[in-house]
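Enquirer: With the sequence up front, the predicted model follows.
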Amino acid sequence: MKARAGIVGPKDLVNTMKEIAKEFDEQLITVPFEYLHAMEATEIVRKNQQSVDFWIFAGPALHTFVQKSGSQQPFYYLNLDGASLQKTLLEISYKDNMSLSRMSIDLLKERDVFETYRELRITYKDIYVYEYEYDTPLDKLLAFHQDLYMKKKVDICVTCLHFIYEKLRQQGIPVYRVTPTRVNIRETFLSAIEKWTTHQFKKSQIAVVLIEIQKIEQNRNSSTTISYDAHRTNLELQTAILDYAESISGSFVNLGLGSFIIFSTRGFSRETGQHIQVLLDSISLVTDLPANIGIGYGDTALKAEENARVALHHAQNYEAYCAFLVDDRDNITGPLRQEENISFSYRTEDKEISNKLKDSGVTITTFNKILSVQRRTGNHSVTTNLLADWLKMTPRNARRILTGLVEQGLAEIIGEEAPASKGRPRKIYRVTAEVNE
C-alpha cells in the first residue's frame, strides 16, 4: 500500500518536491497543493486532510498556519540551514557578482548563518539575522528587511519566504530567496515514508482485549448449579461487549461466565483509554460486580494474548473497573480509566539493579512503577502516602518498600514535609535507577 503525501508550498518548490518524489514511486503518491501566501496552508490542510496520509511543507515558517487547521495528521517540514544558505550565497557572489558582507537574513538560526560565513572566510560584522519564531507576523519580517535597506545598513535582503521575496522584489529592493537543498528534500521524504511505514506496521499488530467480571458465579441455587440470574447477567454483558467489539471491527469470543476476549488490530483506536472507558461504562450499567480489562499488543496473536493477560493481572491488582495495557515492547500503561496514568516496564537488563531489588524484597515491576509515579510528580520525589495512593497499598507497606530501596542505594531521603495534621514530619524520597554506593 502506497502512502499519500500532501506536499504544500510555492509553485517552484512544489515542482521540485514532485520531481524528487518520483524516486519513491513504489512507496509514495504525492498530492500537490500550491499557494501564493503561506496563510493559505490552513485551509489547504483543513479541506484536504481526508485525502492524504501525511503532509510535507515547504518550510518551518508554515508551522503556525498548519496548527490552525486543527488536523492531527503527521506533519513534516523541509529544513533550512547553513547548506541552504550556501547555495544562495553562491548565486549572489558567483552568478551576480555582488558582495556578501552587508545583508539582512530572516528565519535561519544565527548560529548557522555565522558558521557558514566563517567557513567561507567572509566577515559577518554587517550581517543582520532575524531568527525564526512560530508566532512571528509576516508584516514584522517584511519590515525587518525594509527598515535595514532604507537605512542603508544592508545592500541585499535574503529571505526564506516566497511572500516576503515577492513583496521586496516588487519594491525594487535587491532580494534573494533561500530554498531547501535537494538533499534535504530527499531526506525529508525518506524520514516521512519510514515513519509512516512503522506506523502502519503498528496499526496492523494484533490487539487482544481480555475482560473479566469477578464474583459472577457467587450466587448459586446449589453447590453445583449456577443461578439463572448469573446467566442473565452474563448474556447482558455479552451483548454490551459484542456491541463494543463491533465498534472496533473485532472478533468476539465468550470464554465462560464473566470472561470474554476480543481480537482486533492495534489501530482500532487512537485514544485507547477513551475507547476502553466506553466499554467500562457499558459494563457498569449491567452489573456492579468488579470488572477489569487487560489489553495486549503483539506481532502475533499468541504474544498479544500473553501481554493482555499480564495487563489484566495488573488491572485486577489495582482496583475494580480499570484497565491496563501492555504493548509489544512490554511497557505497561495504566490504569487507562484515569485521566492520568503511569507507564512502566516489568523487566530490567541491569543485573546489579536486579540483584539489589531482590535483596530489598522489591519486584522489578514495583520499582518501575515507583519511578513512573516519581516522574509524574514533576519534582522527581515521592512520599509514602503518595506511593500508597498510586499503587493501592498501605502507607506502612510503601514505607517498608522505600526503606528497603534506601538501604540498597536505590533511593535517598532528600527532605521532610510537614503533615496536614499533628504528627511527625513525612520523609521525602528520591528513587533512582542508578545504584548509589
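Expert: That came through fine. Keep in mind the model is a prediction, meaning the values are calculated, not measured.
Enquirer: So which residue is dead centre in this protein?
Expert: residue 74 (10.6 Å; C-alpha atoms, centre = their mean).
Enquirer: Could I get the buried residue list for stretch 276-293?
Expert: 276-277, 279-280, 282-283, 286-287, 289-293 (16 or more other C-beta atoms under 10 Å). C-betas here are computed from N, CA, C, even on glycine.
Enquirer: Then stretch 364-383?
Expert: So, applying 16+ other C-beta under 10 Å, buried residues of stretch 364-383: 364-374, 381-383.
Enquirer: pLDDT at residue 394, what is it?
Expert: In the predicted model, residue 394 carries a pLDDT score of 82.
Enquirer: likewise residue 412?
Expert: Value for residue 412, per-residue pLDDT: 92.
Enquirer: isn't there a strand covering it?
Expert: Yes: assessed by DSSP: H, G, I helix; E, B strand; the rest coil, residue 412 belongs to a strand.
Enquirer: Count residues in the vicinity of it, would you?
Expert: 14 (other C-beta atoms under 10 Å).
Enquirer: got the contact list for it?
Expert: Shown in contact with residue 412 (C-beta atoms under 8 Å, 6 or more residues apart in numbering): 406, 429, 430, 432, 436.
Enquirer: Looking at strand pairing, list the partners for it.
Expert: residue 430 (DSSP bridges).
Enquirer: and the contacts of residue 412, which are buried?
Expert: 406, 429.
Enquirer: Let me know the closest of the contacts of residue 412 to residue 212.
Expert: residue 429 (34.2 Å; C-beta to C-beta).
Enquirer: Give the phi and psi angles for residue 250, as a check.
Expert: phi -100, psi 170 (degrees, to the nearest 10).
Enquirer: Tell me the spacing between it and residue 49.
Expert: Separation of residue 250 from residue 49 (C-beta to C-beta, to the nearest Å): 26 Å.
Enquirer: With neighbour numbers in mind, choose between the two.
Expert: residue 250 (20 against 16).
Enquirer: List the contacts of the closest residue to that one other than its chain neighbours.
Expert: Nearest residue to residue 250 in three dimensions, chain neighbours excluded: residue 264, at 3.6 Å (C-beta to C-beta, 6 or more residues apart in numbering). Contact analysis of residue 264 by C-beta under 8 Å, 6+ apart lists 206, 207, 208, 209, 245, 248, 249, 250, 251.
Enquirer: hmm, try it at 7 Å
Expert: Contact analysis of residue 264 by C-beta atoms under 7 Å, 6 or more residues apart in numbering lists 207, 248, 249, 250.
Enquirer: so how many other residues sit close to the third one?
Expert: A count of neighbours around residue 249, defined by other C-beta under 10 Å, yields 10.
Enquirer: which SS class is it?
Expert: Strictly by three-state DSSP, residue 249 counts as coil.
Enquirer: do the same with the first one
Expert: Residue 207 carries the three-state label strand when classified by three-state DSSP.
Enquirer: separation between it and residue 296?
Expert: Relative to residue 296, and taking C-beta to C-beta, residue 207 is found at 7 Å.
Enquirer: shared neighbours, the two?
Expert: By C-beta under 7 Å, 6+ apart, the residues touching both residue 207 and residue 296 are residue 304.
Enquirer: correct me, but residue 326 touches residue 334?
Expert: No: Residue 326 lies out of contact with residue 334 (C-beta atoms under 7 Å); the separation is 9.0 Å.
Enquirer: More neighbours: these two, which one.
Expert: Set residue 326 next to residue 334 and count neighbours by other C-beta under 10 Å: residue 326 wins out with 29 against 25.
Enquirer: so where does the spatially closest residue to that one that is not a sequence neighbour fall, helix or strand?
Expert: Leaving aside its chain neighbours, residue 326 sits nearest to residue 307 (3.8 Å; criterion: C-beta to C-beta, 6+ apart). Element membership for residue 307, per DSSP states H and E: helix 301-318.
Enquirer: which parts of that helix are buried?
Expert: Quick answer for helix 301-318 (16+ other C-beta under 10 Å): 303-308, 310-316, 318.
Enquirer: So among the residues you listed, where is pLDDT lowest?
Expert: residue 318 (88).
Enquirer: Need the distance between the two termini of stretch 295-309.
Expert: For stretch 295-309, the first and last residues are 8 Å from each other (C-alpha to C-alpha, to the nearest Å).
Enquirer: ditto for stretch 255-264
Expert: End-to-end distance (C-alpha to C-alpha), stretch 255-264: 16 Å.
Enquirer: Pull out the buried positions in that stretch.
Expert: Buried residues in stretch 255-264 (16+ other C-beta under 10 Å): 258, 259, 260, 261, 262, 263, 264.
Enquirer: For the second one, which non-adjacent residue is closest in space?
Expert: Taking C-beta to C-beta, 6+ apart, and ignoring the residues beside it in sequence, residue 259 has residue 212 as its nearest neighbour in space, at 5.6 Å.
Enquirer: Could you do the fourth one as well?
Expert: The shortest distance from residue 261 to any residue that is not its chain neighbour, by C-beta to C-beta, 6+ apart, is 5.0 Å, and that residue is residue 253.
Enquirer: Can you give me the distance of the one you found to residue 432?
Expert: 44 Å.
Enquirer: Same check on residue 136?
Expert: Residue 136 is 41 Å from residue 432, by C-beta to C-beta.
Enquirer: And residue 234, by the same measure?
Expert: From residue 234 to residue 432 the distance is 48 Å (C-beta to C-beta).
Enquirer: Report the beta-bridge partners for the residue nearest to residue 334 when sequence neighbours are not counted.
Expert: The spatial neighbour of residue 334 that comes closest, neighbours along the chain excluded (C-beta to C-beta, 6+ apart), is residue 324 at 3.3 Å. Going by DSSP bridges, residue 324 is paired in beta bridges with residue 294.
Enquirer: Residue 324 touches residue 332, doesn't it?
Expert: Yes: judged on C-beta under 7 Å, residue 324 makes contact with residue 332 at a distance of 6.2 Å.
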